[in-house]
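Colleague: no sequence for this one, just the structure:
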(Lines give C-alpha, C1' and ligand atoms only; values in the text may rest on other atoms or scores of the structure.)
Protein backbone atom coordinates (compact mmCIF):
# COMPACT_ATOMS: atom_id res chain seq x y z
CA UNK A 1 0.00 0.00 0.00
CA UNK A 2 2.93 2.23 -0.65
CA UNK A 3 1.64 2.73 -4.17
CA UNK A 4 -1.76 2.85 -5.80
CA UNK A 5 -2.57 -0.73 -6.83
CA UNK A 6 -3.04 -0.68 -10.59
CA UNK A 7 -2.20 -4.43 -10.67
CA UNK A 8 1.17 -5.67 -11.85
CA UNK A 9 2.85 -2.27 -11.50
CA UNK A 10 6.47 -2.69 -12.55
CA UNK A 11 7.53 0.60 -14.15
CA UNK A 12 8.28 3.94 -12.56
CA UNK A 13 5.71 5.59 -14.84
CA UNK A 14 2.98 3.34 -13.41
CA UNK A 15 4.01 3.91 -9.81
CA UNK A 16 2.06 6.49 -7.80
CA UNK A 17 2.68 6.85 -4.06
CA UNK A 18 -0.40 6.61 -1.84
CA UNK A 19 -1.23 9.95 -0.21
CA UNK A 20 0.13 10.08 3.33
CA UNK A 21 2.73 7.30 3.00
CA UNK A 22 5.68 9.67 3.43
CA UNK A 23 4.10 11.39 6.45
CA UNK A 24 3.46 8.03 8.11
CA UNK A 25 6.95 6.70 7.42
CA UNK A 26 8.69 9.90 8.58
CA UNK A 27 6.71 9.73 11.83
CA UNK A 28 7.61 6.04 12.22
CA UNK A 29 11.32 6.77 11.65
CA UNK A 30 11.16 9.58 14.23
CA UNK A 31 9.86 7.00 16.72
CA UNK A 32 12.69 4.61 15.77
CA UNK A 33 10.58 2.09 13.88
CA UNK A 34 12.24 0.06 11.16
CA UNK A 35 10.35 0.43 7.90
CA UNK A 36 10.27 -2.85 6.04
CA UNK A 37 8.37 -3.53 2.84
CA UNK A 38 6.88 -7.00 2.44
CA UNK A 39 5.59 -7.58 -1.09
CA UNK A 40 4.17 -10.35 -3.23
CA UNK A 41 5.39 -10.00 -6.81
CA UNK A 42 3.89 -12.98 -8.62
CA UNK A 43 4.12 -11.09 -11.91
CA UNK A 44 7.69 -12.38 -12.07
CA UNK A 45 6.67 -16.05 -11.95
CA UNK A 46 3.77 -15.32 -14.33
CA UNK A 47 6.20 -13.81 -16.88
CA UNK A 48 4.62 -10.34 -16.84
CA UNK A 49 7.83 -8.63 -15.70
CA UNK A 50 11.28 -9.63 -14.50
CA UNK A 51 12.94 -9.59 -11.11
CA UNK A 52 15.24 -6.91 -12.56
CA UNK A 53 12.13 -4.77 -13.25
CA UNK A 54 11.06 -5.17 -9.60
CA UNK A 55 14.53 -4.34 -8.24
CA UNK A 56 14.79 -1.29 -10.52
CA UNK A 57 11.39 -0.04 -9.32
CA UNK A 58 12.34 -0.67 -5.70
CA UNK A 59 15.59 1.28 -6.17
CA UNK A 60 13.50 4.22 -7.39
CA UNK A 61 11.13 3.79 -4.42
CA UNK A 62 14.04 3.67 -1.95
CA UNK A 63 15.40 6.89 -3.42
CA UNK A 64 12.08 8.69 -3.00
CA UNK A 65 11.84 7.60 0.64
CA UNK A 66 15.41 8.74 1.28
CA UNK A 67 14.61 12.17 -0.19
CA UNK A 68 11.96 12.75 2.48
CA UNK A 69 13.99 11.34 5.38
CA UNK A 70 12.13 8.04 5.69
CA UNK A 71 14.74 5.54 4.59
CA UNK A 72 13.50 1.99 4.13
CA UNK A 73 15.25 -0.57 6.30
CA UNK A 74 14.69 -3.43 3.88
CA UNK A 75 12.43 -4.89 1.21
CA UNK A 76 11.36 -8.54 1.09
CA UNK A 77 9.96 -9.91 -2.16
CA UNK A 78 8.12 -13.15 -2.88
CA UNK A 79 7.90 -13.92 -6.60
CA UNK A 80 6.00 -17.19 -6.18
CA UNK A 81 2.38 -17.50 -7.21
CA UNK A 82 1.99 -20.65 -5.11
CA UNK A 83 -0.25 -19.73 -2.17
CA UNK A 84 1.33 -22.55 -0.16
CA UNK A 85 4.79 -20.93 -0.40
CA UNK A 86 5.85 -19.86 3.11
CA UNK A 87 6.91 -16.40 1.89
CA UNK A 88 3.78 -15.58 -0.09
CA UNK A 89 1.35 -13.52 1.94
CA UNK A 90 -0.92 -14.42 3.70
CA UNK A 91 1.82 -16.74 4.98
CA UNK A 92 4.25 -15.15 7.44
CA UNK A 93 7.58 -16.21 5.92
CA UNK A 94 8.86 -12.80 4.81
CA UNK A 95 7.86 -11.19 8.11
CA UNK A 96 9.59 -13.93 10.09
CA UNK A 97 12.75 -13.49 8.00
CA UNK A 98 12.66 -9.74 8.66
CA UNK A 99 12.16 -10.40 12.37
CA UNK A 100 15.22 -12.64 12.49
CA UNK A 101 17.48 -10.56 10.25
CA UNK A 102 16.63 -7.20 11.85
CA UNK A 103 16.06 -8.34 15.45
CA UNK A 104 12.47 -7.12 15.51
CA UNK A 105 10.11 -7.49 18.44
CA UNK A 106 6.96 -8.51 16.60
CA UNK A 107 4.68 -7.69 19.54
CA UNK A 108 5.80 -4.05 19.20
CA UNK A 109 5.48 -4.09 15.42
CA UNK A 110 2.75 -2.74 13.20
CA UNK A 111 1.69 -4.35 9.92
CA UNK A 112 -0.08 -1.96 7.57
CA UNK A 113 -1.67 -3.33 4.43
CA UNK A 114 -4.40 -2.82 1.92
CA UNK A 115 -5.34 -6.47 1.44
CA UNK A 116 -6.66 -9.05 3.89
CA UNK A 117 -3.64 -11.25 3.05
CA UNK A 118 -1.41 -8.52 4.57
CA UNK A 119 -3.40 -8.59 7.79
CA UNK A 120 -3.37 -12.39 7.97
CA UNK A 121 0.40 -12.46 7.42
CA UNK A 122 0.90 -9.91 10.20
CA UNK A 123 -1.31 -11.82 12.60
CA UNK A 124 0.44 -15.13 11.77
CA UNK A 125 3.82 -13.51 12.38
CA UNK A 126 2.69 -12.11 15.74
CA UNK A 127 2.57 -8.40 14.88
CA UNK A 128 1.17 -6.41 17.78
CA UNK A 129 -1.07 -4.24 15.57
CA UNK A 130 -2.45 -5.06 12.15
CA UNK A 131 -3.97 -2.10 10.35
CA UNK A 132 -5.97 -2.14 7.12
CA UNK A 133 -5.77 0.85 4.80
CA UNK A 134 -9.05 0.90 2.89
CA UNK A 135 -11.85 3.22 1.92
CA UNK A 136 -14.40 0.41 1.84
CA UNK A 137 -16.23 -1.51 4.50
CA UNK A 138 -15.78 -5.26 4.59
CA UNK A 139 -15.17 -8.04 7.06
CA UNK A 140 -11.54 -8.01 8.17
CA UNK A 141 -9.41 -9.43 10.93
CA UNK A 142 -7.54 -6.11 11.16
CA UNK A 143 -7.29 -4.40 14.54
CA UNK A 144 -8.09 -1.08 12.90
CA UNK A 145 -9.23 0.16 9.48
CA UNK A 146 -8.16 3.61 8.29
CA UNK A 147 -8.99 5.63 5.19
CA UNK A 148 -6.01 7.96 5.61
CA UNK A 149 -2.51 6.68 6.36
CA UNK A 150 -1.90 9.70 8.58
CA UNK A 151 -4.47 8.29 11.01
CA UNK A 152 -1.95 5.56 11.85
CA UNK A 153 0.56 8.06 13.26
CA UNK A 154 -1.29 8.14 16.60
CA UNK A 155 -0.89 4.33 16.85
CA UNK A 156 2.91 4.47 16.68
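Modeller: Cool, got the structure. Only a predicted model underlies this, so the values are computations on that prediction, with no experimental measurement involved.
Colleague: so what's residue 126 up against?
Modeller: 106-107 (CB atoms under 8 Å, 6 or more residues apart in numbering). Using the backbone N, CA and C atoms, a C-beta is placed for each residue, glycine as well.
Colleague: err, residue 137, not the other one
Modeller: Contact analysis of residue 137 by CB under 8 Å, 6+ apart lists residue 145.
Colleague: let me know the pLDDT of it.
Modeller: Looking at residue 137, its pLDDT stands at 75.
Colleague: look at it and give its secondary structure.
Modeller: coil (DSSP: H, G, I helix; E, B strand; the rest coil).
Colleague: and residue 43, by the same measure?
Modeller: Residue 43 ends up coil, using three-state DSSP.
Colleague: same thing with residue 141?
Modeller: Assignment for residue 141 (three-state DSSP): coil.
Colleague: wait, what's in contact with it?
Modeller: By CB under 8 Å, 6+ apart, the contact list for residue 141 reads 116, 119-120, 123, 130.
Colleague: how much space separates it from residue 120?
Modeller: According to CB to CB, to the nearest Å, residue 141 stands 7 Å off from residue 120.
Colleague: okay, now residue 112: neighbour count?
Modeller: 25 (other CB atoms under 10 Å).
Colleague: which residues belonging to whichever strand or helix holds it are considered buried?
Modeller: Using DSSP states H and E, residue 112 falls within strand 110-113. Neighbour-count burial for strand 110-113 flags 110-113 (criterion: 16 or more other CB atoms under 10 Å).
Colleague: of those, which is the nearest to residue 148?
Modeller: Comparing the buried residues of strand 110-113 against residue 148 with CB to CB places residue 112 closest, at 12.0 Å.
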